[in-house]
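>>> just a sequence and a predicted model for now, questions to come.
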Number of protein chains: 4
Amino acid sequence: MQRIKTAIVGASGYTGMELLRLLLVHPQAELVAATSRQEAGKRLGQVFPRFAKAPGAELVFSEPGPEAILASGAEVAFLALPHGVAAPIARGLLKLGLRIIDLSADFRLRDAAVYEEFYGQAHAAPELLAAAVYGLPEWRAEAIRDARLVAAPGCYPTSILLPLLPLLRGGLLDPATLVATSMSGVSGAGRKADLSLLFCECHESVRAYGLPKHRHLSEIEQELSLAADRKVILTFIPHLIPVNAGILTTTTATLREGVAPEAIGQALEAAYANADFVRLLGRGGCADTKNVTRTNFIDIGWQYDPRSRRVLLLSAEDNLGKGAGGQALQCFNLMFGLDATAGLQNF
Amino acid sequence: MQRIKTAIVGASGYTGMELLRLLLVHPQAELVAATSRQEAGKRLGQVFPRFAKAPGAELVFSEPGPEAILASGAEVAFLALPHGVAAPIARGLLKLGLRIIDLSADFRLRDAAVYEEFYGQAHAAPELLAAAVYGLPEWRAEAIRDARLVAAPGCYPTSILLPLLPLLRGGLLDPATLVATSMSGVSGAGRKADLSLLFCECHESVRAYGLPKHRHLSEIEQELSLAADRKVILTFIPHLIPVNAGILTTTTATLREGVAPEAIGQALEAAYANADFVRLLGRGGCADTKNVTRTNFIDIGWQYDPRSRRVLLLSAEDNLGKGAGGQALQCFNLMFGLDATAGLQNF
Amino acid sequence: MQRIKTAIVGASGYTGMELLRLLLVHPQAELVAATSRQEAGKRLGQVFPRFAKAPGAELVFSEPGPEAILASGAEVAFLALPHGVAAPIARGLLKLGLRIIDLSADFRLRDAAVYEEFYGQAHAAPELLAAAVYGLPEWRAEAIRDARLVAAPGCYPTSILLPLLPLLRGGLLDPATLVATSMSGVSGAGRKADLSLLFCECHESVRAYGLPKHRHLSEIEQELSLAADRKVILTFIPHLIPVNAGILTTTTATLREGVAPEAIGQALEAAYANADFVRLLGRGGCADTKNVTRTNFIDIGWQYDPRSRRVLLLSAEDNLGKGAGGQALQCFNLMFGLDATAGLQNF
Amino acid sequence: MQRIKTAIVGASGYTGMELLRLLLVHPQAELVAATSRQEAGKRLGQVFPRFAKAPGAELVFSEPGPEAILASGAEVAFLALPHGVAAPIARGLLKLGLRIIDLSADFRLRDAAVYEEFYGQAHAAPELLAAAVYGLPEWRAEAIRDARLVAAPGCYPTSILLPLLPLLRGGLLDPATLVATSMSGVSGAGRKADLSLLFCECHESVRAYGLPKHRHLSEIEQELSLAADRKVILTFIPHLIPVNAGILTTTTATLREGVAPEAIGQALEAAYANADFVRLLGRGGCADTKNVTRTNFIDIGWQYDPRSRRVLLLSAEDNLGKGAGGQALQCFNLMFGLDATAGLQNF
């Protein structure tokens, strides 16, 4: 069987590392290029000793550059780059005929003005926004299949959207009452030499950050608004906790008048009973990040508090897995007609 | 100067250990008895090697028993016992003339029926509830000073109440919109051989638990209702995170119509500018547990989200410190007319 | 292709969990039975939520019992049981025609008297010792291929033996000078409700234990003595460190008179250049457990100190991987003629 | 009572932070100056929120400069600076009449040539070496009392020297057989933005580093040689483990012919029975860092392995406490005639 030739652009951060981890052993993918300005000239296994002796780990990091990526034979490129940097590279590679799975924020928003509001800079390739597909496979499988440019969702958004989308579509919750609290592992902050990310500054520590208007709110509210068919505003409070990987999100919302609590479980079942990477824990099920790290699963439990009439949604995923690299691979499998779980059967 | 003779009843758990840590070096306290069924006959320094060579660590754990405690000369006893166990022992020691600082839940609720609802058993000494004082020194200093029976507040309640009380008293928040999310270190679950508390079950893990009606809700709602002068119901979601100590609480509530966001900061300042153990971080200040562990401080920051009209309150404390042993000592200092910070000046 | 039918006996501890993780997705194995007295009747995915939705996770834990295991169709059984418990079960299953890969200590020693000395009890099946093969695939591939009973080596022994064996065989080190210091993750202590393994007792802690005569010394010295062709005694100091998984071992020994330091690197290369799961880091290479966790690799670096004439050997493995479940699977692949890396290509 | 006026030069790293933690509440010290190029102009409590509301935390970081430090009224300065930087500043302050407690390596070695060999640069103030006192209070109390320049020992050296010194002095061990393996918390590597010190690079990781000739060997061998009265060379292997604070050292050495193992315990007792900050755990006692963190204690246990004739020494200290700031304060107490435990009675 022929393997799809793939490239990773910006492969030396934690998201790039996760993509490497998955692509090096994907049975139907072949990694033909991995770029990194910083590590160019070194073998993958030198930069990431974990991958030494993996099949393909002899590949050498190259300078990013559309022509060189094209020359590698890659049909598809995963972009693991900072926002703002990804857009022009995506444009260049699209022109050369590659399909793109972008893991930055550059193509997640439909409206360039919202991008500018939240990211503080003009969008570098607004003409591409209309054709970009927000890569949430549980809700956009058809569009992803045919897309040339997929915007893989952010880690926080995935953990917030998957439990909420069916409930807002079903009109079960009061959309004015949404509060999402997330706890993220430190890898979510990236692989950069920053004092605040030192071991001693994070260990035995927990703190909120990015309040009150974290950038991810833009894509979360876009998708929630589409689901609710009205403008949705939510309060989002991310926290940094001392784990390497994993996001736990706890979302609360008021149950709509006249809705029975059981409707929550039914709506989740209806949406995800056949979803390969969503595991429903049912009422009373408390998601735990230790069950999903290094997988592409999201675990979702829920509870109802009759005293306050609030629904509690509890979701756990790996911020680098279902929140980034795993989900990007899930999109890749769709785009190339592969088995949904190909390359994602690790536990 | 004469030192106050003190006893700790149930001193072999994590709360007992924290009380030992503080009392052994309190300049105006003398520890004359420490009881533990399990460790009776061993020296403090044997059971807790950390305390070996501390002044007083030669003391031997004794069997609990009111007469023996009385015979030690203790004027006051700290009870670090499970709920239900504390009440009869408190009654016995009160009869013998000791003053009591109880760290269990047994005397925190004014209403024995609420106790039974939340703790699933009849109260063992309901006649003592009327005279018991809820030991939150920032709000009840006068009553604590004269009390014979102080009920030290729970760890979660302290972190939720201190930021909320002045805001509810001031009528700044809509009391129907309260959602409190807490993250607690594992020591909060106690020192017991339980599979779910093993290192490998907690490390690289975060999970919610005790939903939707955690026992601590009872005392939280009691105190919030008193402050708001109406029945307050809140949603409370505790999580276990992989740190030894520390609680971070993030509380959200809708700002009342017509209230300016600045009123939040002003109310906190008015309440706590002179409080010895409350540190106000101001608007945008994100509390971090690493700054409060092993101290009696609570750090409180806040933020306002104009998009959702929600106030975010961020508080950090040590669950064993301001959330248990430190606060109990703060009450002790009040009860015996000592300096507020005596024995609590560790950083 | 037909898949080999396999059983795991004692599958509810951490070693059992690792075997499940590997066998559930091994392309040429089918898990037909998993036993656990404690969890009998529950599905694998209930006991270990991580495996929910894995192929095969619907399997139900059964009571251990040779006849039932035979009835499952299993050709081979992995025993993840305490020492002493494994031997009689192995005997029963061997009689029924199954091949056995035992992960306990019961069949690692050639001499039942040494077993009794180190394990404090008479051996339960001494008649099987002669035919049992010590399952270190890098040194016993031929014997493992044909074995009916393989004794998978202990976690510490694997990390100590692999660097030392070629050097002792080559006569490069003075065997009287061996000191091995190991640091192990907490999963090595097993999944049992023990106060000393609580999160709060292990986090922010490091301590030695099991001195001076840890049980694993027996098999380490047996194998070193065979390699050196003389009786070898070593000093072994295991430590518990706050990580879930991983063992780092640092071994020192004096270089024999007249031997050039470069001979160390050459001997390692000669032994392991073609070994699938040994990665040589060369002189100056410092092994790091974070590169081997959840893999079957052992990373080996070395250094020479001319001031003291000592060789330093640094090895890292996952105690549950190359130190237990991974290595057992490596034996399995050999025993059934499969690709060496089948089912072990996770990174 | 008059308090000694003290200054900390270079107070914004982890060692400086520990000195602040101790000096701010030392009953007989007053902190009058704290310097930091990087943080000059900010209050202590701003840079280290943990210290906010501590007595004295309103002090403002100043630029380092001998005249300004003199003007503060300081009688003694603690230098928490990198090696090479400390020497000229020490010279300047000594000239102005201050006494110096230097926590860098600059004055620990008696021989400027050894300094140059190990630190790779010429010594900046070799004329001061003769008068400098190596500040190990258990062995040099008299000299420290009168010293104008004390060189506080390194963290690793303290943990290695204290168990070994009495044994080498007593001639109990073969000095040619010393191997010391240490495990250090990440704070030992300093507070600097370095990729290798990120949370995700240290968590779930353990690795050796600095082999085979760590800089601390120079002072360790100097002191061991003085004790043994002959040139001593040892092998030293430091490791980084994922804890904030704490060093555990395991040292092995062969018992001299004709020496009874009990002599080890007797020699330790003879040396340290009255030492305020050494806690002897006896034969079989395994030191654990969790019992010494944030204290000035070193815990020492030992074991004898008759099979190999090796003695095992196990010592635990806080690398920032007895390994740095605590020990510096212990010297300070001696130099100014204070109680040995003044300001060091925290548990």
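Yes, it's here.

>>> can we go C-alpha only for contacts and neighbour counts from here?
Fine.

>>> quick one, what contacts A:L167?
By CA atoms under 8 Å, 6 or more residues apart in numbering or on different chains, the residues touching A:L167 are A:L173, A:I264, A:A267, A:L268.

>>> any idea how far it lies from chain B?
Remark: distance between A:L167 and chain B (CA to the nearest CA, to the nearest Å) = 19 Å.

>>> A:L162 too?
Per CA to the nearest CA, A:L162 is found 18 Å from chain B.

>>> just A:F48 next, same as before
Distance, A:F48 to chain B, by CA to the nearest CA: 21 Å.

>>> surely A:F118 is in contact with A:E219?
No: between A:F118 and A:E219 there is no contact under CA atoms under 8 Å: 9.8 Å.

>>> more neighbours, these two?
More neighbours surround A:E219 than the other of A:F118 and A:E219, with 25 against 15 (other CA atoms under 10 Å in any protein chain shown).

>>> secondary structure class for the more buried one?
Per DSSP: H, G, I helix; E, B strand; the rest coil, the secondary structure class of A:E219 is helix.

>>> now it, nearest residue through space, not along the chain?
Closest residue to A:E219 apart from its sequence neighbours, by CA to CA, 6 or more residues apart in numbering or on different chains: A:L109 at 6.0 Å.

>>> how many neighbours does the one you found have?
23.

>>> contacting residues around it?
A:Y115, A:L129, A:S218, A:E219, A:Q222.

>>> does it lie in a helix or a strand, and which?
For A:L109, there is no helix or strand it lies in under DSSP states H and E.

>>> taking the contacts of A:L167 one by one, which sit in helices?
A:I264, A:A267, A:L268 (DSSP state H).

>>> biggest separation within the contacts of A:L109, which pair?
For these, the farthest-apart pair by CA to CA is A:L129 and A:S218; their separation is 14.6 Å.

>>> need the residues of the stretch 51-200 of chain A near chain C, please.
By CA under 8 Å from any CA of the partner chain, the part of the stretch 51-200 of chain A that sits against chain C consists of A:F51, A:A52, A:K53, A:A54.

>>> who wins for neighbours among those residues?
Within those, A:F51 tops the neighbour count with 23 neighbours, counted by other CA under 10 Å.

>>> hey, C-alpha coordinates of the longest helix seen in chain A in PDB?
Identified as the longest helix of chain A according to DSSP H is helix A:155-169. Provided in PDB are the C-alpha atoms of helix A:155-169 (Å, rounded to 0.1, in the frame of the first residue of the first chain):
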ATOM      1  CA  CYS A 155      -6.700  22.700  22.700                       C
ATOM      2  CA  TYR A 156      -9.000  24.600  25.000                       C
ATOM      3  CA  PRO A 157     -11.700  25.000  22.400                       C
ATOM      4  CA  THR A 158     -11.800  21.300  21.700                       C
ATOM      5  CA  SER A 159     -12.400  20.500  25.300                       C
ATOM      6  CA  ILE A 160     -15.100  23.100  25.600                       C
ATOM      7  CA  LEU A 161     -16.800  22.700  22.300                       C
ATOM      8  CA  LEU A 162     -17.300  18.900  22.200                       C
ATOM      9  CA  PRO A 163     -19.500  18.700  25.300                       C
ATOM     10  CA  LEU A 164     -21.300  22.000  24.600                       C
ATOM     11  CA  LEU A 165     -22.100  21.800  20.900                       C
ATOM     12  CA  PRO A 166     -24.900  19.100  21.000                       C
ATOM     13  CA  LEU A 167     -26.400  20.700  24.100                       C
ATOM     14  CA  LEU A 168     -26.600  24.200  22.500                       C
ATOM     15  CA  ARG A 169     -27.800  22.800  19.200                       C
END
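
>>> excluding its backbone neighbours, what's nearest the closest residue to chain C within the stretch 201-347 of chain A?
For the stretch 201-347 of chain A and chain C, the shortest gap (CA to the nearest CA) falls at A:N291, measuring 4.2 Å. Excluding the flanking residues, the one nearest A:N291 by CA to CA, 6+ apart is C:R50, at 4.2 Å.

>>> give me the number of residues near that neighbour?
C:R50: 23 surrounding residues under other CA under 10 Å.

>>> which residues touch it?
C:R50 makes contact with A:K290, A:N291, A:V292, A:F347, according to CA under 8 Å, 6+ apart.

>>> 7 Å instead?
A:N291, A:V292, A:F347 (CA atoms under 7 Å, 6 or more residues apart in numbering or on different chains).

>>> for the stretch 201-347 of chain A, what spans make up the helices?
Ranges of helices in the stretch 201-347 of chain A, per DSSP state H, counting those that start in this stretch, are A:217-228, A:262-272, A:326-335.

>>> need the residues of the stretch 101-250 of chain A near chain B, please.
Residues of the stretch 101-250 of chain A found near chain B (CA under 7 Å from any CA of the partner chain) are A:204-209, A:212, A:233-235, A:242-244, A:248.

>>> now stretch A:238-250, how far from the centre of its chain.
In terms of CA atoms, centre = their mean, to the nearest Å, the centre of stretch A:238-250 is found 14 Å from the chain centre.

>>> and it, what's its mean pLDDT?
The pLDDT scores in stretch A:238-250 average 98.

>>> can you confirm whether stretch A:28-37 lies near chain C?
No: Stretch A:28-37 stays clear of chain C (CA under 7 Å from any CA), getting no nearer than 14.5 Å.

>>> just the buried positions in that stretch, please.
Judged by neighbour count (16 or more other CA atoms under 10 Å in any protein chain shown), stretch A:28-37 contains these buried residues: A:Q28, A:A29, A:E30, A:L31, A:V32, A:A33, A:A34, A:T35, A:S36.

>>> elements contacting the helix or strand the fourth one falls within?
Here A:L31 is covered by strand A:29-35, with elements defined by DSSP H and E. Counting contacts by 3 or more CA pairs under 7 Å, 6 or more residues apart in numbering or on different chains; DSSP states H and E, strand A:29-35 is packed against strand A:4-9.
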